[in-house]
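Q: Kindly return the folded structure for what I paste below:
(one chain, ligands or ions: 2)
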Amino acid sequence: MTAEIIDITRNHEDALKRACAVLAEGFPVAIPTETVYGLAADATNPAAITRIYETKGRPRFNPLICHVADLSMAERYAVFDPISKKLAETFWPGPLTLILPLKPESGIHSLATAGLDTVGIRLPKGFASELIRAFGKPLAAPSANTSGKVSPTSASHVAEDLGDRLKLIVDGGAAPVGVESTIVRVEDGIIRLLRPGGVAAEEIEKATGLTVIRPEGPAAIIEAPGMLASHYAPGAAVRLNADHVEPGEALIRLGSTPVKGVERAVAVFDLSPSGDLAQAAANLFDYLKRADATGAARIAVTPIPDHGLGEAINDRLARAAAPRE
Ligand code: TXA
Ligand code: MG
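A: Ligands and ions are numbered 1, 2, ... in the order given. Take a look at the predicted model:
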């Protein structure tokens, strides 16, 4: 199987029609979202969901995010408390996933939620939500990459990784946010951050007037069962908080902070010459892949400020650098 690739800027209607047809046959389709490319399938169809897990090589205890076309669709599947509702109204469509109690008999298959009594729900921007509206059912979609690898932010990233295992890749250009959605869970009036992502925690605090509780170390992160320590791993080793370059290393930097030995780097990638963290997030996965493709034995990364989208960037970098099995 070699994936057909349809570019939505040229064939928008065709892309919608083809994607709906493949989804209706029970197969996954790679689609653009504002965060990363997703591997989407009918969240109510167990065979389709199984194909997501098989295509990615993903452990089945790791639940999937279900994507909806609007808030009323979300309310058919999940129970909203007032704070979650406020978050949805403020940040949807956008890079925020809410973990909510699943409505009984909702129709979302237990393979999508890995048997939990909660569901991760998100309303994405652009083509993805148009597709869900046209299809009429929620789409379960993890990032469209082999499990454990760096998430794709372009159709060509998807094609390189999964092109021979998919029927269709919808090309919507570079994903503008570049890191996955922020995942939060509200319980007893407390907002807990399960995964930093495309909506900065500070924005959530501003919108609600509440403090966002951060996970305490790796044990707490397991709450989102997908948060295995070594995730987002490129082939090369990754060395964080670098202030110099060692022989054989490629360098990923942020702006103009001086780096000793930069002239001996195998290659240099600047996440954002002006130090803008949103731009840095958008470039992160592409530059990790490119640095990896230089064949460098190791990728050195300079320190990234830990506020705003820097929190999501540092989370992904820590996973990329984590010891592998
Ligand atoms: O931006 C994104 O969120 C992208 C795009 C495609 O929407 N999707 C994405 O999905 O990053 P994935 O499968 O790579 O990450 C989903 C995360 C996993 O860590 C999973 O454990 C967590 O969401 N998750 C899903 N349902 C959950 C639930 N009911 N309770 C706790 N965590 C959940
Ligand atoms: Mg992923």
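Q: Leaving out the residues flanking it, which one is nearest to Gly295?
A: Leaving out its chain neighbours, the residue that sits closest to Gly295 by CB to CB, 6 or more residues apart in numbering is Val266, at 7.5 Å. All C-beta spots, glycine's among them, are computed from the backbone N, C-alpha and C.
Q: Tell me the residues of the stretch 1-150 of the chain that contact ligand 1?
A: For the stretch 1-150 of the chain, the residues found near ligand 1 under the criterion CB under 6 Å from any ligand atom are 33, 35-36, 38, 62-65, 95, 97, 99, 113, 116, 118-120, 122, 124, 141-143.
Q: ok, then the element right after the helix or strand where Cys66 lies?
A: When elements are assigned from DSSP states H and E, Cys66 belongs to strand 65-67. Downstream of strand 65-67, the next assigned helix or strand under DSSP H and E is helix 71-77.
Q: what pLDDT, on average, does that next one get?
A: Mean pLDDT, helix 71-77: 97.
Q: okay, whichever helix or strand comes after it in PDB with CA atoms only?
A: Under the assignment DSSP H and E, the closest C-terminal helix or strand after helix 71-77 is helix 82-91. Extracted C-alpha coordinates of helix 82-91, given in PDB (Å, rounded to 0.1, in the frame of the first residue of the first chain):
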ATOM      1  CA  PRO A  82     -18.400  24.400  34.600                       C
ATOM      2  CA  ILE A  83     -14.700  25.000  34.500                       C
ATOM      3  CA  SER A  84     -14.100  22.500  31.700                       C
ATOM      4  CA  LYS A  85     -17.000  24.200  29.800                       C
ATOM      5  CA  LYS A  86     -15.400  27.600  30.300                       C
ATOM      6  CA  LEU A  87     -12.100  26.200  29.000                       C
ATOM      7  CA  ALA A  88     -13.800  24.800  25.900                       C
ATOM      8  CA  GLU A  89     -15.500  28.100  25.200                       C
ATOM      9  CA  THR A  90     -12.300  30.000  25.600                       C
ATOM     10  CA  PHE A  91      -9.800  27.700  23.700                       C
END
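Q: average pLDDT for helix 82-91?
A: Averaging pLDDT residue by residue across helix 82-91 gives 98.
Q: do stretch 37-55 as well
A: For stretch 37-55, mean pLDDT is 97.
Q: Same question for that stretch: list its buried residues.
A: 37-45, 48-53, 55 (16 or more other CB atoms under 10 Å).
Q: And the furthest pair within the residues you listed?
A: When the buried residues of stretch 37-55 are compared pair by pair using CB to CB, the farthest-apart members prove to be Tyr37 and Thr44, with a separation of 22.0 Å.
Q: Tell me the confidence at the residue nearest to Asp7 when sequence neighbours are not counted?
A: Closest residue to Asp7 in three dimensions, ignoring its sequence neighbours and counting by CB to CB, 6+ apart: Asp171, at 4.5 Å. Taken from the predicted model, the pLDDT recorded for Asp171 is 98.
Q: contacting residues around the residue nearest to Gly295?
A: In this structure, Val266 makes contact with 248-250, 294-296, judged by CB atoms under 8 Å, 6 or more residues apart in numbering.
Q: Give me the phi and psi for it.
A: Backbone dihedrals for Val266, given as degrees, to the nearest 10, come out at phi -60, psi -40.
Q: Touching the longest helix along the chain from outside, list them.
A: Looking across the chain with DSSP state H, the single longest helix is helix 277-293. When contacts are defined by CB under 8 Å, 6+ apart, helix 277-293 is touched by residues 36, 150-154, 157, 174-179, 198, 232, 234-236, 250-252, 254, 267, 269, 271-272, 299, 304-305, 307-310, 312-313, 316-317, 320.
Q: Give me the buried positions along the helix or strand hosting Leu193.
A: Under the criterion of DSSP H and E, Leu193 resides in strand 190-195. For strand 190-195, a neighbour-count test (16+ other CB under 10 Å) marks 191-195 as buried.
Q: Taking helix 82-91 as reference, get the angle to it.
A: Counting by axes from the mean of the first three to the mean of the last three CA atoms, to 10 degrees, strand 190-195 points 50 degrees away from the direction of helix 82-91.
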